[in-house]
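[1] Would you be able to build a 3D model of this:
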Amino acid sequence: MKSSKPVILKDCSPLANKDDLLDEGLQKAFDIWQAQYNKGGKVPLWNMDFAMDNSTIVSRTIMYDTSRGEILMTIIGEECRNFIGLEKSKGLLKDLMPKPNIDDVTTRLNKCAELRKPTYCYKTMSWNHDRDYMKYEVLFLPFVTSEGDECTWFFVPMSFQINEGANML
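    Predicted coordinates:
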């Protein structure tokens, strides 16, 4: 697979409010996460209810689990897998994505876990067959699990565009 480093068009770490998000589904997910955070005063505990509350974006969401020292990636929705063009929908990040995007995703997951707040980026798809004409926004939402207080689960919905603001999904 021919790939280049993604071009970052916008980066918000942490994401303070939903004003920077182009997609309404991502805005809603941010609001739900923020409400859970505000209610408990800490990073929310992961459960599938969060995904069900965001059913309109599940088809374009990836889950990351960093609890075992390596990054396990699970593409929840087929639309996301088909758009990105991956053959497998579950496995280690290092086995599924090309290196330029592995580095970018790893950095973003680490930053999100460190900040314990949502992070956001808007970037090109140049890491995937050099499709730099395609852009997508990615919202990283951190969660803890019942085993501990570390942020090791990440619900990561996306929105894809060919031209800025023209959503494909």
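[2] Can you pull the poorly scored residue ranges out of the chain?
    Within the chain, the segments meeting pLDDT under 70 span 1-4, 79, 82, 125-133, 162-169.
[3] Show me which strand runs longest in it.
    Determined from DSSP state E, the single longest strand within the chain is strand 131-143.
[4] With residue 145 as the reference, measure out to residue 14.
    21 Å (CB to CB, to the nearest Å). All C-beta atoms are positioned from the backbone trio N, CA, C, and that covers glycine.
[5] Revised request: answer the last question for residue 40.
    15 Å.
[6] more crowded one of the two?
    A count of neighbours by other CB atoms under 10 Å puts residue 145 above the other of residue 40 and residue 145, at 15 against 10.
[7] need the contact list for the more buried one.
    For residue 145, the contact set (CB atoms under 8 Å, 6 or more residues apart in numbering) comprises 45, 46, 67, 152, 153.
[8] Near the fourth one, how many residues? Count them for me, please.
    I take that to be residue 152. Residue 152 has 20 neighbours, counted by other CB under 10 Å.
[9] these two touch, right, it and residue 144?
    Yes. If you go by CB atoms under 8 Å, residue 152 and residue 144 touch, sitting 7.2 Å apart.
[10] ok so, going back, tell me the angle the helix or strand just after the longest strand of the chain makes with strand 131-143.
    As assigned by DSSP states H and E, the chain's next helix or strand after strand 131-143 is strand 153-161. Counting by axes from the mean of the first three to the mean of the last three CA atoms, to 10 degrees, strand 153-161 lies at 150 degrees to strand 131-143.
[11] ok so, going back, mind listing what's buried along the longest strand of the chain?
    131, 134, 135, 136, 137, 138, 139, 140, 141, 142, 143 (16 or more other CB atoms under 10 Å).
[12] try stretch 23-40
    Within stretch 23-40, the residues scored as buried using 16+ other CB under 10 Å are 23, 25, 26, 27, 28, 29, 30, 32, 33, 34, 36, 37.
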